[in-house]
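>>> got a sequence here, can you model it:
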Amino acid sequence: MELHPAKRVAIVIEAPMLRRLTEALENADVTGYSVLPVLAGSGRSGPWSSDTSFGSAGTLVQVVCILSEDKLPDMVERAFPVVERHIGMITVTDCEVLRPERF
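Numbers count the residues shown, from 1 in each chain. Purely as a prediction, here's the structure:
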């Protein structure tokens with residue numbers, strides 16, 4: 001089996017911004033992603049939990065996608081404005097995939 005380099009992008013964002021973020025990803029030709037609930041954590045303001053949040057504004061989700069390195073600059077350029085003014089973050093890590101044509 002041959003592995004091929006790719007990028008794994010994880011974006012944490014407030015749930016109400018999810019639709020804007022997924023539209024930005026699709027406009028950057030990101031063809032697949034997964035959305036995961038974020039249940040608890042700790043940040044600059046200290047520990048928090050979705051149990052103590054009120055309404056969807058306090059709910060966070062994580063969007064994870066794998067893409068080829070050449071798609072990364074456009075994806076970040078489109079996604080960052082959605083995240084920039086809200087609670088959230090974007091991380092990018094190197095990964096390897098078995099079927100590069102899918103990304």
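>>> all contacts plus neighbour counts: C-alpha atoms, from now on.
OK.
>>> right, and the helix or strand after the worst-scoring helix or strand of the chain on mean pLDDT?
When the helices and strands of the chain are compared on mean pLDDT, DSSP states H and E, strand 46-49 comes out lowest with a mean of 82. Next along the chain after strand 46-49, taking DSSP states H and E as the criterion, comes strand 60-67.
>>> now do stretch 12-19: distance to the chain's middle.
Centre-to-centre, stretch 12-19 and its host chain are 9 Å apart (CA atoms, centre = their mean, to the nearest Å).
>>> and the least confident helix or strand of the chain, what other elements does it pack with?
Judged by 3 or more CA pairs under 8 Å, 6 or more residues apart in numbering; DSSP states H and E, the packing partners of strand 46-49 are strand 40-43.
>>> in the lengthiest helix in the chain, what counts as buried?
The residue-count maximum for a helix in the chain (DSSP state H) belongs to helix 72-84. Neighbour-count burial for helix 72-84 flags 72, 75, 76, 78, 79, 80, 82, 83 (criterion: 16 or more other CA atoms under 10 Å).
>>> who are the contact partners of the second one?
Counting by CA atoms under 8 Å, 6 or more residues apart in numbering, residue 75 makes contact with 24, 25, 28, 29, 30.
>>> just the buried ones from these?
Buried among the contacts of residue 75 (16+ other CA under 10 Å): 24, 25, 28, 30.
>>> and the last one, how close does it get to residue 40?
So that's residue 30. With distances taken as CA to CA, to the nearest Å, residue 30 is found 27 Å from residue 40.
>>> sorry, back to before: let's see which of the buried ones among the contacts of residue 75 end up in helices.
24, 25.
>>> run the chain-centre distance for stretch 84-95.
On CA atoms, centre = their mean, the centre of stretch 84-95 falls 6 Å from that of its chain.
>>> alpha carbons of it, in CSV - could you do that?
C-alpha atoms of stretch 84-95 as CSV (Å, rounded to 0.1, in the frame of the first residue of the first chain):
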residue,chain,number,x,y,z
GLU,A,84,-12.2,35.2,12.7
ARG,A,85,-15.0,37.1,14.5
HIS,A,86,-16.4,34.2,16.5
ILE,A,87,-15.3,31.7,19.1
GLY,A,88,-13.3,29.1,17.2
MET,A,89,-10.0,28.0,15.7
ILE,A,90,-8.5,26.3,12.7
THR,A,91,-5.7,23.7,12.9
VAL,A,92,-3.8,22.1,10.0
THR,A,93,-1.8,19.0,10.4
ASP,A,94,0.0,16.7,7.9
CYS,A,95,-1.5,13.3,7.3
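>>> right, I'll leave it there.
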